[in-house]
Each structure stands twice: as structure tokens, then as C-alpha cells.
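Novice: what's the 3D shape of this:
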Amino acid sequence: MRSVKIAIIALLAAIVYILSTTVSKFISFPILPYLKFDPAEIIVLLSLFLFGPFVAIILSILHFILLHFPYTEYPIIGPGLKLLAELTTVFSAYFAFKFIKSNNLNIRLIYAIILAIIIRNAVMTFANYVVLTTIFSGFINYLYNTIPQITGLSAATFEGKLLLILLFTSVYNTLHVFITLLPAFWLSTIPSMPQLVAPINKHWLYSLISDNGSRTRKN
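Specialist: As a prediction, this is how the structure comes out:
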């Protein structure tokens with residue numbers, strides 16, 4: 001069984017790599033084009049819903065490693081920020097689905113989205129602030145350049161430009177939560193999915209409901 005799980009992780013990692021190095025390159029956030037909407041995150045969240053947090057975390061780490069091949073323009077920093085954003089979404093979804101006491105998965109999904117938006121934006125705003133005021137401080141004008149062109153909003157000072165960049169990065173991260181969580185949840189709840197994963201693992205999302213039901217009956 002362990003070898004089957006390893007094979008599944010390897011297969012999912014290959015899908016993540018292909019999506020990140022092909023499709024995501026063509027789906028930019030128009031206001032800040034250096035930010036890409038990466039459908040590979042859907043696969044990571046799908047792995048959480050189907051196989052649990054361990055597989056999702058391993059897949060996120062592999063995603064980070066694989067993004068360095070082929071060579072990335074900003075090694076460690078770019079993939080590192082992406083790993084941080086991905087893991088905040090994974091952990092937010094995990095805690096919401098694991099600890100919200102409801103047999104209605106849609107209710108848990110709503111909490112997962114809210115929690116992911118709050119935590120992902122808080123963590124990424126701080127991380128981007130640190131990076132943009134230290135390592136990338138000389139790139140502020142370049143990163144800011146497309147904001148006034150598209151939105152009409154402008155700033156003259158370094159602080160004002162930084163604020164706009166952080167603001168629209170938060171918009172991007174909020175959109176990415178929806179783009180990631182909703183398709184992953186929908187795919188994981190396809191009626192045939194429990195039967196497909198049964199030979200490998202108990203469907204993680206559905207196991208939460210069955211475990212909650214068992215505890216309720218015992219009480």
C-alpha cells in the first residue's frame with residue numbers, strides 16, 4: 001500500500017509540474033502580470049481532500065522543488081513565496097474541514113474559503129512586505145508600473161507604490177483561493193471519486209463526515 005501511495009504522489013507531482021511550467025505561464029493577473037494563476041494548486045488541494053494533509057504537504061514541497069527545474073528567474077524567493085501561499089491554503093482548508101462540526105461539506109467549504117482568504121492574505125502581505133522592502137526594493141517602480149495603466153490609481157512615493165502593490169497582491173491571493181478551493185472541492189465530491197480512491201486510501205473528506213456521525217451516535 002505504501003508503494004501505491006508513493007506512486008500516486010509521483011503521478012500528482014508530475015501533473016503539478018506540467019501545469020506549473022505550461023498552463024500557468026499564460027494565466028497572469030492583469031494588474032500585476034508577474035503574478036500567475038497556477039492551476040497546479042488545484043491538484044494540491046484535491047490531494048488534501050482525497051488523501052489527507054500528509055500527501056498535500058509532500059506535494060507542495062515537491063512543487064517548490066520542481067519549480068527550480070527548469071531554472072527559475074528568482075530561485076528560492078519566487079518558489080518559496082509560492083510554497084508559503086500554497087501551504088497557507090492547505091492548512092486553512094485542513095483546519096476548516098477537520099474542526100468545523102457540520103455534516104454539510106458545503107458549510108465547511110464556506111469556512112475553509114473564509115479562513116484561507118484571511119490567513120493567506122495576512123501571511124503573504126507580511127512576506128511580500130519583507131521581500132519588497134529588502135531584496136526587491138529596487139524593483140518597486142518596475143512592479144508598480146502596470147497598476148496605473150490598468151486601474152488609474154497612482155502613487156508618487158515608495159510607500160504609496162508599495163501599498164498599491166500589496167493591495168493588489170491581496171486581490172490576487174483572494175481570487176486564487178476561490179480558483180483553487182472550488183474546483184478541488186468539486187472534483188473531490190464527484191460521486192464516483194470514493195470508489196476510485198478506495199483501493200489506495202479512504203476518501204479523506206467523506207471520512208470526516210462518517211467519523212463525526214459515529215461520535216454523534218456514541219454521545
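Novice: so for stretch 169-182, what gets flagged as buried?
Specialist: 169-170, 172-174, 176-177, 179-181 (16 or more other Cβ atoms under 10 Å). Quick note: C-beta positions are derived from backbone N, CA and C, even for glycine.
Novice: dump the residues you listed into CSV; add pLDDT and distance to Val130 as well.
Specialist: Formatted as CSV, those follow (pLDDT from 0 to 100; distance: Cβ to Cβ, whole Å):
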residue, pLDDT, distance to Val130
Thr169, 97, 13
Ser170, 98, 15
Tyr172, 98, 18
Asn173, 98, 16
Thr174, 98, 20
His176, 97, 20
Val177, 97, 22
Ile179, 95, 25
Thr180, 96, 24
Leu181, 97, 26
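Novice: return the residues in contact with the most centrally placed residue in the chain.
Specialist: Nearest to the mean C-alpha position of the chain, by Cα atoms, centre = their mean, lies Glu86 at 3.4 Å. Counting by Cβ atoms under 8 Å, 6 or more residues apart in numbering, Glu86 touches 41, 44, 60, 63.
Novice: re earlier: let's see which of the buried residues of stretch 169-182 end up in helices.
Specialist: Among those, the residues falling in helices (DSSP state H) are 169-170, 172-174, 176-177, 179-181.
Novice: can you name the two of these that sit furthest apart?
Specialist: Thr169 and Leu181 (18.5 Å; Cβ to Cβ).
Novice: hmm, back to that, and which of the contacts of Glu86 is nearest to Ile8?
Specialist: The closest of the contacts of Glu86, once distances to Ile8 are taken by Cβ to Cβ, is Val44, at 13.2 Å.
Novice: for the protein, longest strand please?
Specialist: The residue-count maximum for a strand in the chain (DSSP state E) belongs to strand 32-36.
Novice: buried residues in that one?
Specialist: Within strand 32-36, the residues scored as buried using 16+ other Cβ under 10 Å are 32, 35-36.
Novice: switch those residues over to a markdown table; also include pLDDT.
Specialist: As requested, those are exported to a markdown table (pLDDT from 0 to 100):
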| residue | pLDDT |
| --- | --- |
| Leu32 | 95 |
| Leu35 | 92 |
| Lys36 | 90 |
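Novice: quick one: residues in contact with the helix or strand containing Gln195.
Specialist: Per DSSP states H and E: Gln195 is located in helix 193-197. Residues external to helix 193-197 that are found in contact with it (Cβ under 8 Å, 6+ apart): 50-51, 187, 203, 206.
Novice: so the residue nearest to the centre of the chain lies in a helix, does it not?
Specialist: Yes. Glu86 sits within a helix when classified using DSSP: H, G, I helix; E, B strand; the rest coil.
Novice: many thanks, have a good one.
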